[in-house]
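Undergrad: Build me a model:
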Amino acid sequence: MRENIACRWLVNRTNPEYVKHISRLASVSPPFATALIKRGLKTPEQLNAFLNPDPSRLSNPAELPDIKIAVNRIREAKRRGEKILIYGDYDADGVTGTAIMLEGLERIGADASYFIPNRMTHGYGFSIAGVQKAKEVGASLIITVDCGITSFEAVSNANSLGIDVIITDHHEPIKRTDDSEQLAVSSKTAHSSQLTAHCSLYIMPEALAIVNPKLMPHLPIFPPSHHPPTLSGAGVAFKVIQYLLGGRLDDVYDLFDLAAIGTGADVVPVTGDNRIILKEGLKLIQSGQRAGIKALKDISGIRDGLFKTSHLYFGLIPRINAAGRIADASDVVRLLITKSGAEAEALARWLNDLNCKRQAISEIVYSDAKEMCQKMDNNYGAIVIASEGWHPGVVGIVASKIAEEYYRPTFILSIDNAIARGSARSIQPFDIHHGLLRCRDILKGFGGHKQAAGLSLLSENIEQFRTIISGIVRHSLSEEDLVPALHVDTDVRLSDINIELINEISRLEPFGYDNDIPLFGAKGLEVIQPRVIGNNHLKMYLRQGEQKIDSIGFSFGGQLDIVRQCGLIDAVFSPVINEWNGKKCIQLNLKAIRPSI
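TA: Okay, the predicted model is just below:
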């Protein structure tokens, strides 16, 4: 099967007069105005809200479904002296959300403890093990964090033992179809839950309350123009605690750092509430006010005052995730809530060591999976690869890399005792959760989002699953959909690239899903002094008219001969300030190049 498919360049075209209008309205350059328009920012209110993401603009937590029921039950548990068990997922979103929930409950004096499942022992999601733990500690209320929306068996088991369950989650609920199992809603839920009005749309557990923003668009109490936030699990936990403490931001501001890590770790749009959470949280992370995060920064080699958004994605989050992937993530919550610098340093060293082991394990599984991919038929709509002995904690990482390289929805499965468990990663045009829903008859379980999911099935059904999901992909997508697209904000002249534009671009930070760094395109560029430096990086000057700018293409070394042979090239890039040996200069970070057309 082929890899690294050539991408399509899609240049955004906007009416020049409209670009001038937005440029004047926002007092910005035309290239930056085009980037704003591409993000759907067209009115003064939209421009101001996006360019000035202030905490005062956060949506009202009371808008979340069932949050009043959930908070009233928590307050009742506190008054009665009941024990509360927080059941969090083992990934970075889950453990940060658990830490938020725990600190928030402790602030009202509630008797709360937490349980983080072990990936290998307990599997994914809210499970019977959590109910057993609640029984052991004498808890009469379980609050899930970042899981639970499809945990029918565990919720039913808790109900049978007289233990109430509050689900806080952000994953996709299962949509009801004509042949779906008709699960009854308990009388308690039916009489008290806001969700009753649209139970016909989803199959949901019989929990006391389900706080999940994915349910909001279908609630009749919200007008069509209302766009509810697509929060992370930690973001939902933050909202619950904010509402529990009376809605005052000052009382929860110090939790923004935890919410930011959870938001960055999960694939959620960096817009609206998520953009504000990330921006405020990054300030706290940079200041190092939390002992555990400071220790993680130190062990990652990140110097004080130099924290960048990329350090969150590539430094802190992989280390936090390492425990849940190959060990037990319970101690990660300890790291996040400890006040002891010594304890934080010890736990950070432990996580760093785990991350090194995780990287080695990932590389072995990736190498095996890559070899299997190369032997596959090109006609498959989806990539489904399975093997015994693969560590289930790294299959998601491998699935992401394979999906990016081959640009196909990818399923990496680890087989143990005739059960295949694994992770799925998709490409932009394909809703992988919906695809799995259509395969549910041969799956033991699944859950997730449009772009990422987890699943399990009998190993004897893998071939059948491969055939069905590949057929769904081929039927759902066109040939064009299976070619990756590089979305260019606008075409520019090199004379448009200056310090002022780079400073304007910085106003869009923090970058992330649905808010990528703007990309610009330029044609007819003369190549000057092309050479390969470092680890296969292509460095050269690009000239257009009188303007000459330094550029670098990371891992572009294989294209050296191409740029030497062609007279002129076209390039897609993001302009940055490069600092080297105390000097600053404008540099183009190349994303794609081709012979000029």
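
Undergrad: can you pull out the strands in the stretch 301-450 of the chain?
TA: Chain-ordered strands for the stretch 301-450 of the chain, with DSSP state E, counting those that start in this stretch as the definition, fall at 383-388, 410-416, 419-425, 445-448.

Undergrad: right, and those strands - which one's nearest Asp111?
TA: Each of the strands of the stretch 301-450 of the chain was scored for nearness to Asp111 using C-beta to C-beta, and the closest is strand 445-448 (30.2 Å). No exception for glycine: its C-beta is placed from N, CA and C like everyone else's.

Undergrad: tell me what the next helix or strand after that closest one is packed against?
TA: Next helix or strand after strand 445-448 toward the C-terminus (DSSP states H and E): strand 452-458. Helices and strands touching strand 452-458, as assessed by 3 or more C-beta pairs under 8 Å, 6 or more residues apart in numbering; DSSP states H and E, comprise strand 410-416, strand 419-425, helix 432-437, strand 445-448.

Undergrad: how about the ones you listed in JSON lines, adding distance to Arg543 and mean pLDDT?
TA: Formatted as JSON lines, the helices and strands packed on strand 452-458 follow (distance: least, C-beta to C-beta, whole Å; pLDDT from 0 to 100):
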{"stretch": "strand 410-416", "distance to Arg543": "41", "mean pLDDT": "97"}
{"stretch": "strand 419-425", "distance to Arg543": "40", "mean pLDDT": "96"}
{"stretch": "helix 432-437", "distance to Arg543": "44", "mean pLDDT": "94"}
{"stretch": "strand 445-448", "distance to Arg543": "47", "mean pLDDT": "88"}
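
Undergrad: would you turn these into JSON lines with distance to Lys357 and mean neighbour count?
TA: Formatted as JSON lines, the entries for the helices and strands packed on strand 452-458 read as follows, by distance: least, C-beta to C-beta, whole Å; neighbours: other C-beta atoms under 10 Å:
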{"stretch": "strand 410-416", "distance to Lys357": "17", "mean neighbour count": "24"}
{"stretch": "strand 419-425", "distance to Lys357": "19", "mean neighbour count": "24"}
{"stretch": "helix 432-437", "distance to Lys357": "28", "mean neighbour count": "21"}
{"stretch": "strand 445-448", "distance to Lys357": "26", "mean neighbour count": "20"}
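
Undergrad: Ok, which of these comes nearest Leu284?
TA: Set against Leu284 and scored by C-beta to C-beta, the helices and strands packed on strand 452-458 come closest in strand 445-448, at 29.0 Å.

Undergrad: Pull up the pairing partners for that closest one, direction included.
TA: Paired neighbours of strand 445-448 in the sheet (DSSP bridges): strand 452-458 (antiparallel).

Undergrad: what pLDDT, on average, does the strand it pairs with get?
TA: Here the mean pLDDT over strand 452-458 is 94, rounded to a whole number.

Undergrad: before we move on, what about stretch 529-547?
TA: Model confidence over stretch 529-547, given as mean pLDDT, is 95.

Undergrad: Identify the residue spatially nearest to Leu25, adjacent ones excluded.
TA: The spatial neighbour of Leu25 that comes closest, neighbours along the chain excluded (C-beta to C-beta, 6 or more residues apart in numbering), is Pro44 at 6.5 Å.

Undergrad: quick revisit: nearest to Asp89, out of the helices and strands packed on strand 452-458?
TA: Set against Asp89 and scored by C-beta to C-beta, these come closest in strand 445-448, at 10.7 Å.

Undergrad: sorry, back to before: and the strands of the stretch 301-450 of the chain as CSV, adding distance to Val252?
TA: Converted to CSV, the strands of the stretch 301-450 of the chain look like this (distance: least, C-beta to C-beta, whole Å):
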stretch, distance to Val252
strand 383-388, 42
strand 410-416, 38
strand 419-425, 32
strand 445-448, 28
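
Undergrad: Looking at the ones you listed, spot the one closest to Glu63.
TA: Of all the strands of the stretch 301-450 of the chain, strand 445-448 comes closest under C-beta to C-beta, at 24.1 Å.
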